[in-house]
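K.L.:
turn this into a structure:
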Amino acid sequence: MENEFEKWYSCTVDREELLKLMERSNKKGIVQVTLHFTILILLGVLSYNLIGTYWMYPAFFAYGTVYCFLNHVMHETHHRTPFKSNGLNEFVHWITAFAHGAEPIFDRWGHAQHHTYTYFPDVDPEVPSARPIKISIIVGQFFGIGIIRPIPIIKHALGIVDDYTKNLVPESDWKKMIWSSRLWVLAYLAIIGFSIYFLTLLPLIFTLFARFYGAFIPSMLNHTQHVGLEENVYDHRLNTRNVKINRILSFLYWNMEYHIEHHMYPGVPFHALPKLNNLVKDQLPKPYKSVWAAYKEMIPTILKQQKESDFHVTPILPEEKSTNSKTEFNKREETIFQDSEAKWISSIKIDDLKSNDVLPFKYNDTDYAIYKLDGHFFASTAKCTHAGALLSKGIVIDNTIECPAHQGRFDIKTGKATHSPACDHLQTFPTREKDGYIYIGLPLISN
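P.N.:
Here you go, the predicted model:
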């Protein structure tokens, strides 16, 4: 999957603006999660108190709907963007993945694959089905059918790692995935056992069954994201939709109506997506005015695809505008000298690199990333070892560089991969300061 991310079209965004948008906030994440769970608990209490009356049906439908929107909390924690604290991200990640019926490690790897190959049916695990899309699958998901897939989790809990999983999840994560799957199975067995022992379905109604009776509205929104659009194309503007929705749904949906922006810049947290949209909206197709407007296009498209599988919707793209906003570095002849330690190449000006930041440098067709941490300079290869995204477009967080594509992280000082989906380490290089430039030391090639 090397260099796959760099094939995708990206809108032009000023780097300084993008870095501000990518900043994480514990406060905003905690407020959002707390409100979501508070609404869920209040609706749960209301539903329980209305049992035996006709009002329990709309109450449970509302509860189940908010419960199923926990899928989008899980989705955000897949990217580790809701909180600045990684511990908070992982805690909420496991809880919401369990509620969604997914095992978090396996599902996170699948979602990373979805972002690498968005709407490439042969390799994107989140495509409902290859065209012509099966109507039964789409309709079934409105009622939660096919969303929960327990068989792979049960196999993993038994220590069985099949070929599909081996191709998706690196061996370094198998042990964690297996134990997480065992915890998942035990937790659901405990809920089922509790229901049997106390002769009540309520524990299941408030958890597992909610994933079915509350799936309609979340699935309705989820299908607008990609269905009916072009496959196998490296432009999210052609395979992803933005759809306007009301504020209540936007809150529960975690701003995923800005779905093109999310796929282009997945390192931008949910709360910053409206600001990102404001910066790039002139470079995107116009958003659909409503969910109904999207379905008025989607339904005829799906029906026509049953006979013409290659048929798809092609959004109207705005005219490209020339821009000189990108800052160009390294427009000069490199200075090179050699000693017993390394071959030293002058890279970027010291004054160009701000503290706790990263800039790119290219030499002999190889991309490098130059970092500044607390007044000290570091260098590494620039391409993420997972999918080849340029780390120089990422953000520095707590002495690590975060990949802009899938939020894997590497220790800047050592190059060690610290957060999946990054597993293989980066090569690092020594640095020196000389004549106002940062020099990186490349290994000497022995004769």
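K.L.:
helix, strand or coil for residue 155?
P.N.:
Three-state call for residue 155 (DSSP: H, G, I helix; E, B strand; the rest coil): helix.
K.L.:
what does the nearest residue to it once chain neighbours are set aside show for phi and psi?
P.N.:
Leaving aside its sequence neighbours, residue 155 sits nearest to residue 162 (Cβ to Cβ, 6 or more residues apart in numbering; 6.7 Å). No exception for glycine: its C-beta is placed from N, CA and C like everyone else's. Residue 162 adopts backbone torsions of phi -80, psi 180, taken as degrees, to the nearest 10.
K.L.:
for residue 132, grab the count of nearby residues.
P.N.:
16 (other Cβ atoms under 10 Å).
K.L.:
surely the residue nearest to residue 155 and residue 151 touch.
P.N.:
No: Residue 162 sits out of contact with residue 151 when judged by Cβ atoms under 8 Å, with a separation of 10.3 Å.
K.L.:
looking at those two, which is more packed in?
P.N.:
A direct count of neighbours by other Cβ under 10 Å for residue 162 and residue 151 places residue 162 higher, at 10 against 7.
K.L.:
quick one: least confident helix or strand in the protein?
P.N.:
strand 336-338 (a mean of 81; mean pLDDT, DSSP states H and E).
K.L.:
residue 257 versus the nearest residue to residue 161 once chain neighbours are set aside, what's the distance?
P.N.:
Nearest-residue entry for residue 161: residue 174, 5.6 Å, with adjacent residues in sequence omitted and distances by Cβ to Cβ, 6+ apart. In this view, residue 174 and residue 257 are 36 Å apart by Cβ to Cβ, to the nearest Å.
K.L.:
the two: which is more packed in?
P.N.:
Using other Cβ under 10 Å as the criterion, residue 174 and residue 257 rank with residue 257 on top: 26 against 17.
K.L.:
that one contacts residue 244, doesn't it?
P.N.:
Yes: the pair residue 257 / residue 244 is scored as a contact, 6.6 Å apart, by Cβ under 8 Å.
K.L.:
so what sits against both of those two?
P.N.:
Common contacts of residue 257 and residue 244 (Cβ atoms under 8 Å, 6 or more residues apart in numbering): residue 287.
K.L.:
what residues are up against residue 409?
P.N.:
Per Cβ under 8 Å, 6+ apart, neighbours of residue 409: 397, 400, 401, 402, 403, 417, 418, 419, 422.
K.L.:
okay, who's weakest in the residues you listed by pLDDT?
P.N.:
pLDDT across the contacts of residue 409 is at its lowest for residue 422, which sits at 85.
K.L.:
wait, it sits on residue 405?
P.N.:
No: using Cβ under 8 Å, residue 422 makes no contact with residue 405, being 10.1 Å away.
K.L.:
and for the two, which residues touch both?
P.N.:
Counting by Cβ under 8 Å, 6+ apart, the contacts common to residue 422 and residue 405 are 384, 386.
K.L.:
okay, now the residue nearest to residue 63 when sequence neighbours are not counted: neighbour count?
P.N.:
Once flanking residues are discounted, residue 63 sits nearest to residue 43: 4.1 Å by Cβ to Cβ, 6+ apart. Residue 43 has 19 neighbouring residues, counting by other Cβ under 10 Å.
K.L.:
how about the secondary structure of residue 43?
P.N.:
Secondary structure, three-state DSSP: residue 43 is helix.
K.L.:
just residue 370 next, same as before
P.N.:
Strictly by three-state DSSP, residue 370 counts as strand.
K.L.:
for stretch 64-80, measure first residue to last.
P.N.:
Stretch 64-80 has an end-to-end distance of 25 Å (criterion: Cα to Cα, to the nearest Å).
K.L.:
mean confidence for that stretch?
P.N.:
Averaging pLDDT along stretch 64-80 yields 97.
K.L.:
got the CA positions of the particular helix or strand that has residue 303 in it in PDB?
P.N.:
Per DSSP states H and E, residue 303 falls inside helix 291-305. Output in PDB follows, covering the C-alpha atoms of helix 291-305 (Å, rounded to 0.1, in the frame of the first residue of the first chain):
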ATOM      1  CA  VAL A 291     -31.200  13.800   3.000                       C
ATOM      2  CA  TRP A 292     -34.200  13.500   0.900                       C
ATOM      3  CA  ALA A 293     -32.400  15.300  -1.900                       C
ATOM      4  CA  ALA A 294     -29.600  12.800  -1.700                       C
ATOM      5  CA  TYR A 295     -32.000   9.800  -1.800                       C
ATOM      6  CA  LYS A 296     -34.000  11.300  -4.800                       C
ATOM      7  CA  GLU A 297     -30.700  10.800  -6.700                       C
ATOM      8  CA  MET A 298     -29.500   7.600  -4.900                       C
ATOM      9  CA  ILE A 299     -32.700   5.500  -5.400                       C
ATOM     10  CA  PRO A 300     -32.900   5.800  -9.200                       C
ATOM     11  CA  THR A 301     -29.200   5.300  -9.400                       C
ATOM     12  CA  ILE A 302     -29.300   2.000  -7.400                       C
ATOM     13  CA  LEU A 303     -32.200   0.800  -9.500                       C
ATOM     14  CA  LYS A 304     -30.400   1.700 -12.800                       C
ATOM     15  CA  GLN A 305     -27.300  -0.100 -11.600                       C
END
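K.L.:
list the buried residues for that helix?
P.N.:
291, 294, 295, 297, 298, 301, 302, 305 (16 or more other Cβ atoms under 10 Å).
K.L.:
what about the residue lying closest to residue 140 once chain neighbours are set aside, distance to residue 355?
P.N.:
The spatial neighbour of residue 140 that comes closest, neighbours along the chain excluded (Cβ to Cβ, 6+ apart), is residue 146 at 5.2 Å. Per Cβ to Cβ, residue 146 is found 49 Å from residue 355.
K.L.:
residue 93 now?
P.N.:
Using Cβ to Cβ, one gets 30 Å for the distance from residue 93 to residue 355.
K.L.:
neighbour count: the two, which is higher?
P.N.:
Neighbours per residue (other Cβ under 10 Å) separate residue 93 from residue 355, with residue 93 holding more: 25 against 11.
K.L.:
still on that earlier bit, what number of residues lie near the residue nearest to residue 140?
P.N.:
Neighbours around residue 146, by other Cβ under 10 Å: 13.
K.L.:
I figured it hits residue 137, correct?
P.N.:
Yes: counting by Cβ under 8 Å, residue 146 does reach residue 137; the two are 6.2 Å apart.
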